[in-house]
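Participant: no sequence on hand, only this structure:
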C-alpha cells in the first residue's frame, strides 16, 4: 500500500513497506542516492551494467510489440502540461466521441497482422463513467478473442472498476506516475500523486498486470529523474511493464518550448530502469520518431525490450511499421 503527504503544491511520497511474517518491515529496494549514483556512472559502465542485467533476465534480441489506439480523443478536463488532449489548451486535437466496436476491431486485426501481440486502448478521460466502462469491456473481450493481449489506459479507476475490467479479460492497465513527486505539482494540478497511486493499488488488487512509467524531458533535474525511477522501482511490486517516454512537444501545450533532453540522457534513463527493475519489460515509448536508428539501437542494448508499434501514439507520430521491421532486421531483433 502507498500513502502520500502534501506540502503546498508539491507532494512527498511515503511508501508503507510490506511486512514479513515476523512483522519486520521490508527494506526499500532502491534509494534515491543509489539511483543517482547509477545515473552518474560513465556511459560505458552504465550500459555494461544494464546490458548484463538484461541478459540475465531476458533474451536480449527479442522485443515485445504493442499497438496503441486512441478510442476516445480530446476534450479531457485534466491540465497535464504536456498533453494536447486537454480541453484547456489550444491544440489541433479535436474532441471526438468514443469509437464504435467495428472501428476498434478493424484496428486490432491490422495490428495483429502487422505483428503486434498486445493491443492497447487509450481514452482521454479523467475517470471512466460506467456507461463508458461498459463499452470498453466489450472492446476488451472482443480484442481478446483475436488471441491478443489487451491493455487499457482510461484515467483514474474507482472502487470496483478494475474488477470489471479483469472480468472482461483485461491483461494490463496503464497508469503512469509521469514524473518525480517533487516536480509533479509543476506539471499537473487536477489530480494528485496519491490519486495515481490509489489507481495502481486498485489495478494490482484486481490481479491485472501493471503498466506504469513516466516522461523524461519535462525540464526535470537529474535528481528528479532519479526520483521518478525511485518511485517506480519501490512500488510494492514493480510494474510488469515500464514505459519510458521522451516528451513530445506539441504546439499549444505549456510544455512546448522546454529544453530538449539529450538523447544520451534518455538512454541513461532506460539503462537505470533496467537495472532497478530487472524483471520488468522496459518500453521504448513516445519520442521514437525524433530518435535516429543509432539511438534506438542503444536503447535496446541498454535494456528496452518493448515498443509501441504503428504509425501513431494516441495523437502524436511514431515510426511507421515498415521502418521498424527494417531496423529489427538490421539489428537481428525478433518480435515477441
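Facilitator: Nice, I can see it. For clarity, every value in this text was computed on a predicted model and none was experimentally measured.
Participant: tell me where the protein has helices.
Facilitator: Applying DSSP state H to the chain gives helices spanning 32-39, 43-57, 101-114, 130-144, 161-168, 181-187, 193-205, 222-233, 263-276, 293-302, 321-331.
Participant: any buried residues in the fifth one, and which?
Facilitator: Right, helix 161-168. Buried residues in helix 161-168, counted by 16 or more other C-beta atoms under 10 Å: 161-162, 164-166, 168. Heads up, the C-betas are built off the backbone N, CA and C, glycines and all.
Participant: how distant is it from the center of its chain?
Facilitator: Put simply, helix 161-168 sits 20 Å off its chain's centre (C-alpha atoms, centre = their mean, to the nearest Å).
Participant: now the angle between helix 193-205 and it, please.
Facilitator: Interaxial angle, helix 161-168 versus helix 193-205 (axes from the mean of the first three to the mean of the last three C-alpha atoms, to 10 degrees): 30 degrees.
Participant: show me what helix 161-168 is packed up against.
Facilitator: If contacts are counted by 3 or more C-beta pairs under 8 Å, 6 or more residues apart in numbering; DSSP states H and E, helix 161-168 sits against helix 130-144, helix 193-205.
Participant: switch the cut-off to 7 Å
Facilitator: If you count contacts as 3 or more C-beta pairs under 7 Å, 6 or more residues apart in numbering; DSSP states H and E, helix 161-168 packs onto helix 130-144.
Participant: with the third one instead?
Facilitator: With contacts taken as 3+ C-beta pairs under 7 Å, 6+ apart, helix 101-114 sits against strand 62-72, strand 118-123, helix 130-144.
Participant: give me the contacts around it.
Facilitator: Helix 101-114 is contacted from outside by 67, 69, 71, 119, 121, 138-139, 142-143, 146, 148, 309-310, 321, using C-beta atoms under 7 Å, 6 or more residues apart in numbering.
Participant: and if we set it to 10 Å?
Facilitator: 65-71, 98-99, 116-121, 135-136, 138-148, 150, 309-310, 321-322, 324-325, 335 (C-beta atoms under 10 Å, 6 or more residues apart in numbering).
Participant: quick revisit: of the buried residues of helix 161-168, which is the nearest to residue 201?
Facilitator: residue 162 (9.3 Å; C-beta to C-beta).
Participant: isn't the closest one up against residue 209?
Facilitator: No - look at residue 162 against residue 209 with C-beta atoms under 10 Å: they stay out of range, at 11.5 Å.
Participant: now the common contact residues for these two.
Facilitator: Both residue 162 and residue 209 are in contact with 170, 173, 203, where contact means C-beta under 10 Å, 6+ apart.
Participant: adding distance to residue 61, write these out as TSV.
Facilitator: Below are these laid out as TSV (distance: C-beta to C-beta, whole Å):
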residue	distance to residue 61
170	29
173	29
203	31
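Participant: spatially central residue for the chain, please.
Facilitator: Most central in the chain under C-alpha atoms, centre = their mean is residue 243, positioned 3.4 Å from the mean C-alpha point.
Participant: shaky segments in the stretch 201-336 of the chain?
Facilitator: Residues of the stretch 201-336 of the chain meeting the criterion pLDDT under 70: 310-319.
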